[in-house]
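> I'll drop the sequence and a predicted model, then ask my questions.
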Amino acid sequence: MRFMFIFTKKNKIMKNTFLTLLVLCLFLLTSCFTYSQDEKDTQEFIIEKYKENQLKIYTPSFIFFSNNIFRVDAEFFANRKLSEKEFDNIFIYGADIEVGIKKTQIISFIESIDIRDITKVSTTKQNDNEFLISIYLSGKYPSLRSVHNSLNGEVKRRKYISKMKIQIGSNREVAIQLKKAIIHLGKLRQMNIKDGDLF
């Protein structure tokens with residue numbers, strides 16, 4: 001009788017341990033899924049808001065994260081091979097600007113940064129009521145600015161840029177939303193990105 005009691009007690013302990021482990025696993029899976037969904041949603045929000053308020057002279061223009069670009073294309077824009085972690089943290093902004101008066105001349109520029117390199121984000125109203133979103137970088141991770149001239153085919157590249165500059169239209173609310181979304185993207189990655197408009 002005593003043996004049966006010990007056996008039943010052991011079964012209850014094992015059952016409780018199993019249930020605790022099951023609940024813990026479900027919690028971890030849910031947390032990871034929620035984290036990736038939040039990050040993807042935030043990146044999609046940034047892309048949508050940019051498209052809503054992009055400048056017509058910067059056409060076409062684009063913002064890419066790892067969830068809306070193929071790795072091979074990201075490596076082309078970054079001008080190097082990317083590790084898995086680097087690809088997961090890619091943030092690319094680019095546009096074409098027509099500048100030719102007599103001949104059609106298109107200047108294409110692309111800025112490629114690592115999200116982990118962002119330290120601060122600010123918004124500045126320009127003279128023509130457009131907004132500039134400045135994303136400041138620490139220089140700890142590789143970044144690149146490329147400028148291509150369509151007339152002579154010349155490409156100029158500058159590595160380890162100090163900031164990414166995103167020019168948008170005159171909607172102040174969208175400028176603030178973009179800034180806050182980039183700061184939120186950092187929070188999701190346990191980063192402290194400062195609001196440059198508060199300092």
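Arrived safely, thanks for sending.

> so what's the nearest residue to Thr124 once chain neighbours are set aside scoring on pLDDT?
Leaving aside its sequence neighbours, Thr124 sits nearest to Leu132 (Cβ to Cβ, 6 or more residues apart in numbering; 4.7 Å). (Each C-beta comes from the backbone N, C-alpha and C, glycine too.) pLDDT, Leu132: 94.

> now swap in Arg157 and tell me
94.

> contacting residues for it?
The contact partners of Arg157, by Cβ atoms under 8 Å, 6 or more residues apart in numbering, come to 79, 144-147.

> again, only using 7 Å
Counting by Cβ atoms under 7 Å, 6 or more residues apart in numbering, Arg157 touches 79, 144, 146.

> Any stretches of this protein with poor pLDDT?
Counting by pLDDT under 70, the chain contains low-confidence ranges at 1-37, 100-103, 199.

> What segments of it are helices?
Assigned by DSSP state H, the helices in the chain fall at 2-52, 71-78, 84-88, 172-188.

> what about Ile110, how many residues close to it?
For Ile110, the tally of surrounding residues (other Cβ atoms under 10 Å) stands at 21.

> Would you confirm that Thr123 contacts Lys165?
No - counting by Cβ atoms under 7 Å, Thr123 stays clear of Lys165, with 11.3 Å between them.

> neighbour-wise, which of those two wins?
Of the pair Thr123 and Lys165, Thr123 is the one with more neighbours under other Cβ under 10 Å, namely 21 against 14.

> On the strand side of things, show who that one bridges to.
Beta bridges link Thr123 to Ile133, judged by DSSP bridges.

> distance of it from Arg71?
Here Thr123 is placed at a distance of 31 Å from Arg71 (Cβ to Cβ, to the nearest Å).

> Let me see the contact set for the closest residue to Gln126 other than its chain neighbours.
Leaving aside its sequence neighbours, Gln126 sits nearest to Leu132 (Cβ to Cβ, 6+ apart; 5.8 Å). When contacts are counted by Cβ under 7 Å, 6+ apart, Leu132 touches 124, 126, 165, 167.
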